[in-house]
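Colleague: from the sequence below, what's the structure:
(one chain, ligands or ions: 1)
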Amino acid sequence: MLEAMADVSCNPNSASDTLTLDGIRDSLIRQEDSIVFSLIERARFPLNGKMYHHNYTSIPGFSGSLVEFIVRETEAIQAKAGRYENPEENPFFPESLPRPLVHPHKYPNVLHPSGASINMNKVIWDFYFNKFLPLLVADGDDGNYAATAASDLACLQALSRRIHCGKYVAEVKFKDAPNEYETPIRSQERDTLMKLLTFEAVEEMVKKRVEKKAMVFGQEVTLNDTNGEGKYKIDPSLVSRLYDEWVMPLTKEVEVEYLLLRLE
Ligand SMILES: O=C(O)C(=O)C[C@]1(C(=O)O)C=C[C@@H](O)C=C1
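Modeller: Predicted structure coming up:
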């Protein structure tokens, strides 16, 4: 019998669920699995660099890279199916997305309304393609552009969802200690807010855990006892670096942005 698993979403499932820091941290832990698996999938392909060049494709009526074309088109289909009605989801190309065609699901929204204006996806796009991806995958071109772009999008969506959960973390931290947060919010002190919401010991645990997950999920599984010792599908220390340099700093950036708008 399957036991109930930690919920992957930060948004409560029903209006009666209360937001707690422990609950959100459990969701962030579960999302680590999705992120590590998506990176393992992307690493099956080489860089396939042509996909990212602006002038490589000549798609009628479209100007941009092939990966941008695929992401825009996929987001448009997913928008029609209601993906962005969920307050946890943020599109990479929010301009002119089609309206949902399906019956709307009523997502409880526990966030302050200004939270909806925070979208860090341009920064996520930039670090993912320009800094992180070349470290994750081998050089080369195997021509599997559509499949590679689909796996890039899976990574981007998993990272974006996790980073934007910063809105929920900030909401719960504010509700737990409004007196501590109100003064720096009123005087718009970013550095004070950043210090208040940072827990270094938690960050150290996150880095260690994601590195371990990359080892466990990315090992070669064989039927003898060796299990491909020491050979991993992605470099475990790179996953820890991903969290250290980009995922956690951007989550905190989302938290600060959210708090700065919290009393509007
Ligand atoms: O768990 C928290 O309190 C968070 O704010 C999340 C998070 C993270 O991104 O994992 C970010 C900041 C804290 O320093 C610790 C962890």
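Colleague: contacts and neighbour counts: CA atoms only from here.
Modeller: Fine.
Colleague: ok, is the host helix or strand of Pro249 in contact with the ligand or not?
Modeller: According to DSSP states H and E, Pro249 maps onto helix 248-261. Yes: using CA under 6 Å from any ligand atom, helix 248-261 reaches the ligand at Met248, Thr251, Lys252.
Colleague: count of residues packed around the residue in the stretch 1-150 of the chain that the ligand sits nearest to?
Modeller: Among the residues of the stretch 1-150 of the chain, Arg25 lies closest to the ligand, at 5.6 Å counting by CA to the nearest ligand atom. The tally of other residues near Arg25 (other CA atoms under 10 Å) stands at 16.
Colleague: which residues of the stretch 151-264 of the chain lie near the ligand?
Modeller: Near the ligand, when you scan the stretch 151-264 of the chain using CA under 6 Å from any ligand atom, you find Val169, Leu197, Thr198, Phe199, Glu200, Val202, Glu203, Met248, Thr251, Lys252.
Colleague: can I get those in a markdown table with pLDDT, neighbour count and distance to Ala116?
Modeller: Converted to a markdown table, those look like this (pLDDT from 0 to 100; neighbours: other CA atoms under 10 Å; distance: CA to CA, whole Å):
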| residue | pLDDT | neighbour count | distance to Ala116 |
| --- | --- | --- | --- |
| Val169 | 98 | 24 | 14 |
| Leu197 | 98 | 16 | 20 |
| Thr198 | 98 | 13 | 23 |
| Phe199 | 98 | 10 | 25 |
| Glu200 | 98 | 10 | 28 |
| Val202 | 98 | 10 | 27 |
| Glu203 | 98 | 14 | 26 |
| Met248 | 98 | 19 | 20 |
| Thr251 | 98 | 24 | 15 |
| Lys252 | 98 | 24 | 16 |
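Colleague: export those residues as TSV, with columns for distance to Thr18.
Modeller: Shown next, in TSV, are these (distance: CA to CA, whole Å):
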residue	distance to Thr18
Val169	13
Leu197	20
Thr198	22
Phe199	22
Glu200	25
Val202	22
Glu203	24
Met248	24
Thr251	21
Lys252	22
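Colleague: which ones among those residues lie within helices?
Modeller: Of those, the ones assigned to helices by DSSP state H are Val169, Leu197, Glu200, Val202, Glu203, Met248, Thr251, Lys252.
Colleague: farthest-apart pair in the residues you listed, please.
Modeller: Val169 and Glu200 (15.2 Å; CA to CA).
Colleague: before we move on, the earlier item: what is the nearest of the residues of the stretch 151-264 of the chain next to the ligand to Trp125?
Modeller: Taking CA to CA as the measure, Trp125 lies nearest Thr251 of these, at 14.5 Å.
Colleague: surely that closest one touches Ser160?
Modeller: No: in terms of CA atoms under 8 Å, Thr251 does not count as a neighbour of Ser160; the distance is 9.4 Å.
Colleague: secondary structure element for the residue of the stretch 1-150 of the chain closest to the ligand?
Modeller: For Arg25, the enclosing helix or strand under DSSP H and E is helix 21-42.
Colleague: who touches that helix?
Modeller: By CA atoms under 8 Å, 6 or more residues apart in numbering, the residues outside helix 21-42 that reach it are 6-10, 136-137, 148, 151-152, 154-155, 158-159, 162, 165, 168-169, 172-173, 210, 213-214, 217-218, 233-234, 239.
Colleague: much appreciated, bye for now.
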